[in-house]
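1. Here is a sequence with its predicted model. Questions after.
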Amino acid sequence: MHAISFIQDLAVIMLVAGVVTVLFHRLKQPVVLGYIVAGFIIGPHTPPFGLIHDEDTIKTLAELGVIFLMFCLGLEFSLRKLFKVGATAFIAAFLEIILMIWIGYEIGRWFDWNTMDSLFLGAILAISSTTIIVKALNDLKMKNQRFAQLIFGVLIVEDILGIGIIALLSSIAVSGTVSSGEVFSTVGKLSLFMIVALVIGILLVPRLLAYVAKFESNEMLLITVLGLCFGFCLLVVKLEYSMVLGAFLIGAIMAESRQLVKIERLIEPVRDMFSAIFFVAIGLMIDPQILLQYAWPIAVITVAVVLGKMLSCGLGAFIAGNDGRTSLRVGMGLSQIGEFSFIIAALGMTLQVTSDFLYPVAVAVSAITTLLTPYLIRGADPLSLKIASVMPKRLSRVFGMYGEWLRSIQPQGEGAMLASMIRKIILQVGVNLALVIAIFFAGSFFAVRIGGYLEGWISDPSWQKALIWGGALLLSLPFLIAAYRKLKALSDVAGGDECEAGNGRATYPACATGDCGADPDFVAAGDLCAIGSLVGQYSADQQVAGADCRGHGGGGGRALAMVHPCAYADAGRLAGDAG
């Protein structure tokens, strides 16, 4: 009987959702909003009668929708995309999250809501909707414009910080208090876990997927991907983190595999089905009486979302050096809340720390801002022209001078390449040290269990601890050596050592010695040696391409093979000098 009831509920959900979404598509409205309306229509709060009988099972399926939504967000995550928009994404996202959490908290306190309701409201307002924004930009044919790329960068940073917010809120909800030490501890542990998971995952998962792909079976690849997804989510839950975090991380790891496009194509139908159930389940929870009762807070929060995000994201984009028109388009494009807000609101209800009205209020605000999103994006250009026409010339001149000043202080030529090299070394050092810390954390976590295994051979607890920590140190040694070599290379760069490029006048402040091949370890660790000192020993094409380089103790070949792009800057002149 339960199976028949479940099939009946699923049939009702899919049929009504299909009809409503077709209608919304004809009206050129976001499909996500159609799912929510479908849930509202068939929900228990809508007369004359409820069409859904087994809400608990539907909620379980909705949780699968959350997993697939976050998994697909992870698949779209790319460090390369993030680095392209760089400062704009980080500054705008940080400003937005900090300002919106504060605004949401203050609005909640203004309406005399309790502390947890106000705090969760701030978190709900902090994250914009990736799904809704991408859909709106696709429909408006604006996805490839510069402001859209900036928006995508901000969304990536928001997704990462949103995972941290969820973990932090979970910790606060359990303990009931907020302390600076707890915040830093939670964020630090979360960051460490994410770094280690990404590094180890990127080393293992793409190789596994490549092996499975050799069988040329879509079924086998899909089952493997789903198994990895759910398995990693289970591991993350066992480590007392959110399933949302696990789904996002495993998606980001798979995004580095060569099978990414195929995985996205295979997982898309599964994601669409379960995410539809997720959004329908949101609609099921909308109570019209609560919406009428909280109409004034909904109106205030909606205005706060639009104006607050327009101000924070637009200001962040402008501070990062973008012009006023682009900054305004970024701010207006991000002025809504969506799936992440639903996840945060659902977290509060699951942990039983928020009031029942908060979820439908969040859904109502999301529905209104979703409706406004296409109009806000289209209206950004006319509004920017209007603002420019009424802005005092002195103020406009000041903004222009600020942009010119930012462009003037940016490193150019060799300075830009040197800064890029330094950033790369610092990132590599950070990853190596994170792995070392993770090894010692793992030793501490499993110390009691390992000690139990060692009791049969070593009875003294102090010797057991010495053996455990000695093993941890031994495992950490390769990463410590790698970090030392990177730091040594960084000190040589900071010290300004230079290699003269033959008779050419280009210098590369990257080589520790005049003879790079004499220290192959430095070359292998630093990835910095320019080809200046090697001119005359190898032909021009070998200098530039690093191909078929022999001799010089083996170090020269590796130096050329790992040559940094800065060596190409004067390739023509070097080739001429070598000749």
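-> Arrived safely, thanks for sending. No experiment lies behind these values; they were computed from the predicted model shown.
2. what residue ranges in the stretch 301-450 of the chain score low on pLDDT?
-> Applying pLDDT under 70 to the stretch 301-450 of the chain flags the ranges 407-415.
3. mind running it again at 90?
-> 314-329, 333, 335-450 (pLDDT under 90).
4. So which residues make contact with stretch 279-291?
-> Where contact means CB atoms under 8 Å, 6 or more residues apart in numbering, the residues beyond stretch 279-291 that reach it are 13, 17, 32, 35-46, 52, 55, 58-59, 61-62, 65, 298, 339, 342, 356-357, 359-361, 363-364. Glycine gets a C-beta too; all of them are placed from N, C-alpha and C.
5. Just the buried ones out of those, please.
-> Neighbour counting with 16 or more other CB atoms under 10 Å marks 13, 17, 32, 35-43, 46, 52, 55, 58-59, 61-62, 65, 298, 339, 342, 357, 359-361, 363-364 as buried within the contacts of stretch 279-291.
6. out of the residues you listed, which are inside helices?
-> Secondary-structure check on these using DSSP state H: residues within helices are 13, 17, 32, 35-42, 55, 58-59, 61-62, 65, 298, 339, 342, 359-361, 363-364.
7. how about the strands of the protein, start to end?
-> With DSSP state E, the ranges of strands along the chain come out as 499-500, 507-508.
8. pLDDT weak spots in the stretch 151-300 of the chain?
-> Looking at the stretch 151-300 of the chain by pLDDT under 90, you get 151-203, 216, 235-253, 255-260, 264, 268-294.
9. ok, now with 70
-> Counting by pLDDT under 70, the stretch 151-300 of the chain contains low-confidence residues at 175-184, 186-187.
10. show me where it has helices.
-> Counting by DSSP state H, counting those that start in this stretch, the stretch 151-300 of the chain has helices at residues 180-213, 218-238, 243-254, 260-284, 288-293, 295-319.
11. deepest of those, which one?
-> Sort these by mean neighbour count, taking mean count of other CB atoms under 10 Å, and helix 243-254 sits at the top with a mean of 25.
12. just how off-centre is that helix within its chain?
-> Taking the mean of its C-alpha atoms, helix 243-254 sits 10 Å from the chain's own mean (CA atoms, centre = their mean, to the nearest Å).
13. From the contact counts, what lies against that helix?
-> helix 55-76, helix 146-175, helix 180-213, helix 218-238 (3 or more CB pairs under 8 Å, 6 or more residues apart in numbering; DSSP states H and E).
14. In JSON lines, list those helices along with distance to residue 267.
-> Output for these, formatted as JSON lines (distance: least, CB to CB, whole Å):
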{"stretch": "helix 55-76", "distance to residue 267": "7"}
{"stretch": "helix 146-175", "distance to residue 267": "17"}
{"stretch": "helix 180-213", "distance to residue 267": "12"}
{"stretch": "helix 218-238", "distance to residue 267": "6"}
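15. Between those, which one is closest to residue 420.
-> Between residue 420 and the helices and strands packed on helix 243-254, the tightest spacing by CB to CB is seen for helix 146-175, at 17.9 Å.
16. any idea how far the closest one is from the chain center?
-> Per CA atoms, centre = their mean, the displacement of helix 146-175 from the mean C-alpha position of its chain is 7 Å.
17. Now do the buried residues in that helix.
-> Neighbour counts over helix 146-175 (16+ other CB under 10 Å) mark 147-173 as buried.
18. Since that was my last question, I'll sign off now.
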